[in-house]
Every structure is written in C-alpha cells, then in structure tokens.
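1. how would this look folded up:
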Amino acid sequence: MSQSPAACLLACALFVAGAAMAQPQTLADGVQLRWNADQYGNHRYTVAVARPAAAVLATIPWRRRDRHPERVATLVVGPDGKTVDNVVRERIDQAEGVLAFEAKQAGTYAIYYQPYLSSGSRNYPTVSYRAPADTADAAWVKKNQLDDPRRVAKLPPARVTGYQAVDDFDAYTDMERTATPAERQHLLAANPGQPWLLFPETREHPIRMFTQIPERWAERGAGGGLADHARRGEYLSFQLGLWTARAAAQDVRVRFGDLHGPGGATIQAARLTCFNLGGIDYAGKPFTDRLDVAQGRVQPLWVGLDIPADAKPGTYRGTLTVSADGAPPRQVPLEITVEAGATVAHGDDDPYKLTRLRWLNSTLAQNDALVKPFTAVTVHGDRLGILGRTVRLAPSGLPAQIDSYFDERMTGFTKKPRVLLAAPMRLLVQDAGGAHALSAAGTPKVAVDGPGKVHWQVAGRAGPLRGAVAASLEMDGTLSYAIALTATQAAKLDDIRLEIPLEGDVAQYELGLGRVGAPAPDDFAWKWNVAYNQDGAWIGAVNAGLEFHLRDEHYRRPLNTNFYHQQPLLMPASWDNAGAGGITLKRDGARYVVEAFSGARTMAAGQTLHYNLVLRVTPFKTIDPAEHFAERYFHKYADLDQIQAEGANVVNIHHATPINPWINYPFLTPAAMKAYIDAAHARGMKVKIYDTIRELSDRAPELPMLESLTGCRIGSDGKAAPGPCSEIISRGKGGGFSWLQEHLDGDYIAAWHVPENRDAAVVDAGQSRWHNYYVEGLDWLARNVGIDGLYLDDVAYDRTTMKRVRKVLDAHRPHPLIDLHSASQFDARDGYINSALLYMGLFPYIDRLWFGEEFDYEHTTPAYWLTEISGIPYGLMGEMLQNGGNPWRGMLFGMTNRLPWTGGDPRHLWQLWDAFGITQADMVGWWVHDTPVKTDNPDVLATSYVRKGDKTLVSIASWAPRQVRVKLRIDWKALGLDPARVRLLAPAVEGFQPAATFKPGDAIPVQPGKGWLLQLEAVR
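-> Numbering: from 1, shown residues only. Next up is the predicted model:
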C-alpha cells in the first residue's frame, strides 16, 4: 500500500459506524461477551464451574486448524475478569485441549486459546502467537497431584458451554473444525483402496482448509451426490472437495453431462464450468489449466451452473465425472431444483450467494471500440494515423517514421509535424558475415480489427534467421510487437539488437533504466538485473516522445508498491541472454540512438527466440486546463454540505470509510454508498470511490474460492507456463494480521491492514481473471450505485484492463473521472521503477495524476517535475501530495495539493483562480519555446495563463539556490496588451504570497524554492 500510516489516519478518522470494536457486553455472571482481541486473541471457549474448587478439569473440543497448538499459549480468565495463574496444560493437540486450573469462584470461565502479539507498523503488522508460559505455583501443582494422570482424571469437571469469537467474521466455520486422526482413519477404512475421495459441498460451506479435512466430512462420509436449489436465471455455484488421501491426483479433469428435468426439459452440459480447470483470461483469451494435486491435500473444484432464465421449474438430475491419470473416474450425481421465481441479474446483487463467480470469465468491454477522445485508426498503405500522430511502417513491419502533431502547449495540434525518427527502426542479427537487418519484401498488409485497433504480420529474414513479426497499433498510440526469430540451421551469432535512431531535438528528456526524469544523457549504458523492475524507458520532448519495453513470450507483470521482490520481473531470455544483454543511449550528432543488444549466443537448428517489443508514442492526448481547474477534489469522506462549502465538487471516497469500508471490495454497503452519491448528485457534485487491484480485503466472500485456483496455465505448446501455479492470490510466506493467519493456509502475501475496522488484505496477481471480475464489478457499481469514477491508489493491472474500465464507466456515467495516485516507486523495495513509466500504459484512459508520497518537490529539477510528476508530456495534469507539495512550483504546471490531505490548503488559490477567471485562460507553459512571458534568469521559470487582450496570470517559481531578483521578458503582442496601459499586481494569497505591486520592468525578488502569482491586466 502506498499510503503512509499518517495518511491512513485521515481516511480512517470518520470510520465509526460498524467498524470500531463493539462496546464490551457481559454474560449473566460478568464474563465479557466482547473482549480485547489484542490482549486475548480472537477465539475462546467458555466453561461453567459449579462450585469453587482447588482444581477443575476442562476438556476443550476445539478441533483446531493450526498445526502446532502445543506451541501456542492458553489463557484462563475467571468470572472476575482476572487471569488465572494456576493452570496446567495436561494435553494440547489439534483435536482438544485438556487443562486443569484453579477455580476460586463458581461461574463462567473463559479459555482463550490463540492469544497473539502484534508488532511492526499498524498497517503492515507482524503478528506472532504467544508461546506457553508456566505460571502455575509449584506448591499448588504438588498439592493437587496434577502430575498424576489418575488424580487429574478425578478432578471436578468444568463443563463446556460454548465457543465464541471476538466477532462473527473471526469465528471458525464448520469447514475449519478439523477431523481427528481417528476419524480420518475411520473414513479411510470405509473407502478401502481409493487413492482420493470426493466430498460435494454447496456454496454455503466453502472449503477453507487445503491440508486437512473438516469434521463435517468425517461425520458425513465420502462420495454421494450434490443437491441444491436456485431460481430461474440464477448462476449457481458449488464445490467438490477432492482429498488425495492415499495418492496424488495428476491432471485432474471434470466432465459434465446434461441435466434432465420435468417434461423432458434439459439444461445443457455447456452451461456448467469448472473454474479450476480453465476459463477466459484477463485479455479475453480462452485458457486451460493443468491441475495436479499432491498427496495429502484437499483441492476444491468450484463449479458454476448458468440456469436459463426460461428454465422449466422442477428438479433436474444429471452427473458430473471427475477423473485423473491412473485412477478410475468417479461420478457425482447432481440434483438441482429450479424454483418458479426468477432472479434479477443472475443473482449478482447479493455477493454472498457467489453468483458473481461467473464474472471471472467475463469478456465485458473486451473489444476494439473507441474510447474518448481517441479517433479511429486510419490506414493509407504503410501510413497509419491516430489522434495527433502518424506511424509509417517499414517493410520489416517496424516503424520507419513516427510523426507528432501535438503543439508545445499540449492543448491543440499543429499542421507541421514533429518528426521522431532520424531513420527507420531496425532489428539486426550480427554474425561473422556482418549485420543483417530483419527485412521483407513489399508493404505490410494492415488489417482492421475495429476502429480502435489494426494489426499486420510480416514474414522476413535476418541473415541466418527466419523472422515472423505479428504487430498491432491501437488508438492510444501503443504498438505491440511479437517478433519470433528462428534458426533454420545451427547458427553462431555475435549479437541480436534493436536500433531506435531518434531525432536529436526530440530526445530532450529521458526517464527509466534506473534514471529519474532528467535531460537525456549523452552516453549511458544499462544491463539487465532482476533486482530492478526495469525493461525500458521513455525518451522525448513535451509534445513528441517514445516509450519502449523489451519483453519475451513469458512476460508477466511484476508486483509493485512494496511487493516487487516477491514477484519480480521475469528476465526475457532473448534480450537478457543470461546477463549478456543491455541497452545503450548515445547522442550521435543530430541523432540520439537507442541500442538494445543481447550479445553473443549460439542457436540450435529450429530454435526460436522471442524479441517482443512494446512501443508507445506520446503524447496520448491533449490537456484541458479549463476542465482541470474546474474540477476540485476533496479527498475524504465527510458531510457533503461541508465539502461544497469548502469549494470542492469532486469527492474521493477512500476505503476504511463507512460507505466503503473494505479495501478493494466496495460491494458490502451498496445502499449507504448509493444514498451518499445520490445526495452528492443532487448538489451537482461527483463521487468517486477507491477500488483497484493490487490487494484484496479478507471480507470478500469469494476469497476461499480464489485460494483454490492453483492450476498451472497450459500454453499453446501444451506445456505449463513457468512460475508459481496460483492464479489470483499471489503466493508468499503468509503472516500478517491474525485473521489471515487463522483462516488462510499460509500461501499468500499479507498486505494492507486497517486497525480501526480490522480489515486485512492479501496481494493479488498482476494479471488474472480477477481483472474480469473487477470490470464487471465496476459496471455493476456504475449501473446500480451511480459512482462517477475511480480513485486508483497504485494499481497492479495493465492497459488491457484499464481500457475496459474506461469503457464500462463511459457506458453508464456522464463524464466519469479516473485519477491515479502513486507513491514514488523509485526505491530498492520497488525495483527503482519510475511511477510515470510503470503506469504510462494506463495514462491514455485516466484523467489526472496525484504523485505522490516520497516524490521530492524541493530538491529536484524542472525536468523531473515535468516528466515524473506533472503528466503534461503524456496528456495529463495532476496534483501534489507529499507535505502538501510546493505550491509555487506547482502552479508552473497547473498543480495544487489536494484538499484536505497532508498539509497545504488549495482553497485560497482556488479563490484566486475564480477571481481571475482561470478557466477562460489559455495555459502557456514554461517549456513552450515562444512562451509569452519569461524571466531573465534560467533558474526562475514562468508559465502564463492568458486571457488575451484582457489580463494574464503569470506564475513564476525559482530553482535558484538563493534569493534572486528577476525581470519579466514579455511578448506584449502575444498577450494582446499595451505595456503603457498595464499594471502588475501580486494579489494577496494566504500561505502563498503577500499583496504587492510592481511595474512591468521592475526586478522582482524571488525567494529560493518559492515564487509569485502576478496579474498583468489592462488599465481601463
């Protein structure tokens, strides 16, 4: 999570309703019904002692799922609320705990059996379980002969009266009460010779243990059928628990038959699916998983049945068959009763019914339709056109030229383009015979997939290698290349490299490859290293640039935001070449050359290497300063009238708030959320919510099912893909908040935790079917709750999902807004990746940036501000966060901080904007070569907000190390003002500047790191 703990305090401050621990309540004899979990843990049994005794015996049938309860303390608390010291743990195992303790009073005693200790940060806690401590007095033990089992057995019994958890959510379910060893042996004896056993379960009893079986199964026995009921049109989910009791199950498969109902009615087998064995991936492609289950494990097989809306009511019967290598298939009878009533939207309005599992295979908004403001991709031979840019293809399929028509102001277009390439891009294969460029005959034939995408394929050759190029261009400027080079015979190669020769005047700035945004270096070399989340860079000017990334066929989006090293970049075997590959940047006369080399290697005959490449041409779109200045954000849940009185009109609702309590699962309080949003709309305000993919709240009802998705993806070659076999929940060492340790099986990465409402999250994968669920969920929220957009707080998904998000919001909401916040990722834990580079693929589909914690506003250069923070070279504008930002430098880019977050107060600047009429002004940034107002000091920059012929607001800010005095150089004609009839005023702005009056030729004093807002206006 990118927030600092202090930042979360602000979000959590108003989270009161239903979140704080309930006030202590007591049983009849004074034992608290609610208790301090941090002191005692989350679980207890209560026992009744009929009369005081020197020692009593309690046998607790806890059936624990933690593997080593003997290593965890137990605490006995008496009716007076005091801890009993004289306790002897006679026997502690998973099945039960036997304790002798002193009972000075009659009444109810509480036995807490998983007390924990919490350390570390409040949002990333380290929870460990208290070790047993011998607190019993030796004389008491001796006097009561508690070392004699026969004497202990005769102690007065403490009668078990019940199990309680600190709240309902923390309670262990019937699927978490483990079977005893004797019960497991009895179950196996009843099923001799069977390598694995099946246990059908309805959705009401999700399987939660994967290395143990529940008492419920031991009592019921293995096999049998599944009977359930649902309404017409409902999506019914259920499970089969597969326990590999005696042997592993290799390549598990499930086959469905038709379901036959009343009067010959049929529900076809095609309406059944097993989520664990395949589906539709986040990119809309069907896939198959191979599922191998090691001996001794429990594997849930989750099945979905899409009941037709017109199904005839009645009972439908059929079978499904489970098979695995080397074992006879098993049939499971199904009996599904379809009720007469019809359900709405498949039942999706109730997340606890798990009908939304069908969303995992959704293809909603998976198309090549246009997204505003982009225009259809045009094709004229080898010349492709998109919004503000053109790409001309070489015969190889690579770009021969790229043109940008964006103007320097970034608010419009020019007739004369800015040329990016000094020469065509080339992929070169070097051997003893020289350098051979990938080449082909003729012009690539471009096919149109839809208004938003075209593609082409090229078959060519590069010396001894055969080349196959599959490429596409999308409306936003993304060029995707899958380049396969195959050796027709054994080949000894000196290098395979890509050359990108840029025009020198375009290569003004560079970020990436371990460098922050700065002027492009004259000579730089970089090598692949898994410690760094780096595979490319962005190089360019404000109105013309190129982002590139080098990948292979096994690319998997790494984790980010504190978790990079737990799922780092997979080194591309082609480009990296076992450490031989790298990238050089070099200014060469009028050219700036990027060379991505891979070094010497030998290829066997028939061997194929994949030199995949992603390019993005920037800017993506123009900026709209007027819209940016008109939309004023309030980043906190609060009273709407108060927010409106502050001058804000867009409210961001964080998680850990009453209407959005659970991180990245905004579905459990829809009525409260809708009421708040409706009230905002009545006031002419917009409401956006926190909802992203990177981590998932433990409150998500789907979580047990998501844990079960452990199959290994099968590629087109029939082989399992590399990497861990866990689709949605990222694998890790476990730990974290107590709920996670007590209810998950340990193979996860603990993520953000909110103490105020005990919300705990796990990290989810960067590319998975959870993206399909996420898109469907946003569609549901837009239609049913009326959200006006999203606040994205560092995200784990790529542009494929971002496009879909934009489409579903556009489809249901007028002018939806998406803003992206990021803490600086340029640090060791995140692999020194620039936030702008990490998320550049998302920029076409969002509306503003908020960068962010750990961004340095004081000790960095204008180039850093421009390329890393402002968003302007990519078609975005933004706001500042860390310590409120630097308001003087921020105004050079149209940026303030955000109300009411982390220092600073933009309200006084908003008032100045309104008094001046900034939404009617043209913004001309300091980076524009003919900007109408400059200073005579290169360390003091000026941006103008021009209302031509009327008045101009000039923002100046200093990077000089000490106070300087500067004069303005003004192009009066461009401003439409007569210098003889102009006054230069500095309006008083609280916290920003005092009132002052200057003459246009005056030397204006500027403090280091500060500046002025100066108003030039005609004297009437």
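
2. Looks like residue 567 contacts residue 730 (just checking).
-> Yes: if you go by Cβ atoms under 8 Å, residue 567 and residue 730 touch, sitting 5.9 Å apart. Placement of C-beta: from N, CA and C, glycine included.

3. residues bridging contact with these two, i.e. touching both?
-> Residues touching both residue 567 and residue 730 (Cβ atoms under 8 Å, 6 or more residues apart in numbering): 559, 765.

4. need the strands for the stretch 451-600 of the chain, in chain order.
-> Listed in chain order, the strands of the stretch 451-600 of the chain (DSSP state E, counting those that start in this stretch) span 453-462, 465-474, 478-487, 491-493, 495-503, 509-512, 515-519, 523-527, 536-541, 544-551, 582-588, 591-597.

5. got a markdown table for those strands, with distance to residue 47 too?
-> A markdown table is the format used below for these (distance: least, Cβ to Cβ, whole Å):
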| stretch | distance to residue 47 |
| --- | --- |
| strand 453-462 | 68 |
| strand 465-474 | 66 |
| strand 478-487 | 65 |
| strand 491-493 | 76 |
| strand 495-503 | 73 |
| strand 509-512 | 63 |
| strand 515-519 | 63 |
| strand 523-527 | 65 |
| strand 536-541 | 64 |
| strand 544-551 | 61 |
| strand 582-588 | 68 |
| strand 591-597 | 70 |
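
6. could you dump those to TSV with mean pLDDT?
-> Listed next are these as TSV, based on pLDDT from 0 to 100:
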stretch	mean pLDDT
strand 453-462	98
strand 465-474	98
strand 478-487	98
strand 491-493	98
strand 495-503	98
strand 509-512	98
strand 515-519	98
strand 523-527	98
strand 536-541	98
strand 544-551	98
strand 582-588	98
strand 591-597	98
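
7. can you redo those as a markdown table with mean neighbour count and distance to residue 431?
-> Shown next, in a markdown table, are those (neighbours: other Cβ atoms under 10 Å; distance: least, Cβ to Cβ, whole Å):
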| stretch | mean neighbour count | distance to residue 431 |
| --- | --- | --- |
| strand 453-462 | 19 | 10 |
| strand 465-474 | 21 | 9 |
| strand 478-487 | 20 | 11 |
| strand 491-493 | 17 | 5 |
| strand 495-503 | 22 | 9 |
| strand 509-512 | 24 | 30 |
| strand 515-519 | 18 | 32 |
| strand 523-527 | 14 | 23 |
| strand 536-541 | 23 | 26 |
| strand 544-551 | 24 | 21 |
| strand 582-588 | 18 | 19 |
| strand 591-597 | 20 | 14 |
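
8. nearest to residue 402, of those?
-> Taking Cβ to Cβ, strand 544-551 is the member of those nearest to residue 402, at 7.0 Å.

9. Tell me what angle that closest one forms with strand 591-597.
-> 10 degrees (axes from the mean of the first three to the mean of the last three Cα atoms, to 10 degrees).

10. Between strand 536-541 and strand 544-551, find me the angle.
-> When the same axes, to 10 degrees is applied, the directions of strand 544-551 and strand 536-541 differ by 170 degrees.

11. Within the sheet, what are the partner strands of strand 544-551, with directions?
-> Sheet pairing for strand 544-551, assigned by DSSP bridges, gives strand 536-541 (antiparallel), strand 612-618 (antiparallel).

12. Can you tell me which of the ones you listed is nearest to residue 516?
-> Taking the strands paired with strand 544-551 one by one with Cβ to Cβ, strand 536-541 is closest: 11.4 Å.

13. Please compute how far the closest one lies from its chain's middle.
-> In terms of Cα atoms, centre = their mean, to the nearest Å, the gap separating the centre of strand 536-541 from the centre of its chain is 25 Å.

14. angle of it against strand 495-503?
-> 20 degrees.

15. residues making contact with strand 536-541?
-> So strand 536-541 is contacted by 418, 420, 502, 505-513, 515, 520, 545-550, 583, 585, 592, 594, 614, 618, 836-837, 840, 867, 873 (Cβ under 8 Å, 6+ apart).

16. how about it as PDB, C-alpha atoms only?
-> C-alpha atoms of strand 536-541 as PDB (Å, rounded to 0.1, in the frame of the first residue of the first chain):
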ATOM      1  CA  GLY A 536      12.600   0.000 -20.900                       C
ATOM      2  CA  ALA A 537      12.400   3.800 -20.900                       C
ATOM      3  CA  TRP A 538      10.700   6.900 -22.200                       C
ATOM      4  CA  ILE A 539      12.600   9.500 -24.300                       C
ATOM      5  CA  GLY A 540      11.200  12.600 -25.800                       C
ATOM      6  CA  ALA A 541      10.100  16.200 -25.700                       C
END
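
17. What is the burial count for residue 883?
-> Residue 883 has 14 neighbouring residues, counting by other Cβ atoms under 10 Å.

18. Residue 902 is in contact with that one, correct?
-> Yes: when contacts are counted by Cβ under 8 Å, residue 883 is listed as touching residue 902 (6.6 Å).

19. ok, now which ones touch residue 323?
-> Counting by Cβ under 8 Å, 6+ apart, residue 323 touches 252, 253, 254, 255, 329, 330.

20. quick one: the last one from residue 305, how far?
-> The spacing between residue 330 and residue 305, counted by Cβ to Cβ, to the nearest Å, is 19 Å.

21. Likewise for residue 389?
-> From residue 389 to residue 305 the distance is 48 Å (Cβ to Cβ).

22. quick one: contacts for the residue lying closest to residue 319 once chain neighbours are set aside?
-> Spatial nearest neighbour of residue 319, excluding adjacent residues (Cβ to Cβ, 6 or more residues apart in numbering): residue 331 at 4.8 Å. Residues in contact with residue 331 (Cβ under 8 Å, 6+ apart) are 319, 320, 321.

23. so what's the first one bridging to?
-> Listed by DSSP bridges, the beta-bridge partners for residue 319 are residue 333.

24. rewinding a little: can you tell me which of the strands paired with strand 544-551 is nearest to residue 379?
-> Nearest of those to residue 379, taken as Cβ to Cβ: strand 612-618 at 16.2 Å.

25. What residues of the helix or strand just after the closest one count as buried?
-> Downstream of strand 612-618, the first helix or strand assigned by DSSP states H and E is helix 625-630. Neighbour-count burial for helix 625-630, counted by 16 or more other Cβ atoms under 10 Å, picks out 625, 628, 629.

26. For this structure, identify the residue most remote from the centre.
-> Distance from the C-alpha centroid of the chain, by Cα atoms, centre = their mean, peaks at residue 143 (60.7 Å).

27. In this structure that one contacts residue 54, no?
-> Yes: assessed by Cβ under 8 Å, residue 143 is found in contact with residue 54 at 7.3 Å.

28. what bits of this protein have low per-residue confidence?
-> 1-32, 713-724 (pLDDT under 70).

29. thinking again about what came up before, can I get the strands paired with strand 544-551 in CSV with distance to residue 813?
-> CSV is the format used below for those (distance: least, Cβ to Cβ, whole Å):
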stretch, distance to residue 813
strand 536-541, 31
strand 612-618, 27
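
30. To residue 294, which of those strands lies closest?
-> Taking Cβ to Cβ, strand 612-618 is the member of the strands paired with strand 544-551 nearest to residue 294, at 33.9 Å.

31. Which secondary structure state does residue 396 sit in?
-> coil (DSSP: H, G, I helix; E, B strand; the rest coil).

32. Tell me who's in contact with it.
-> 424, 426, 427, 437, 438, 439, 440, 458, 460, 467, 469.
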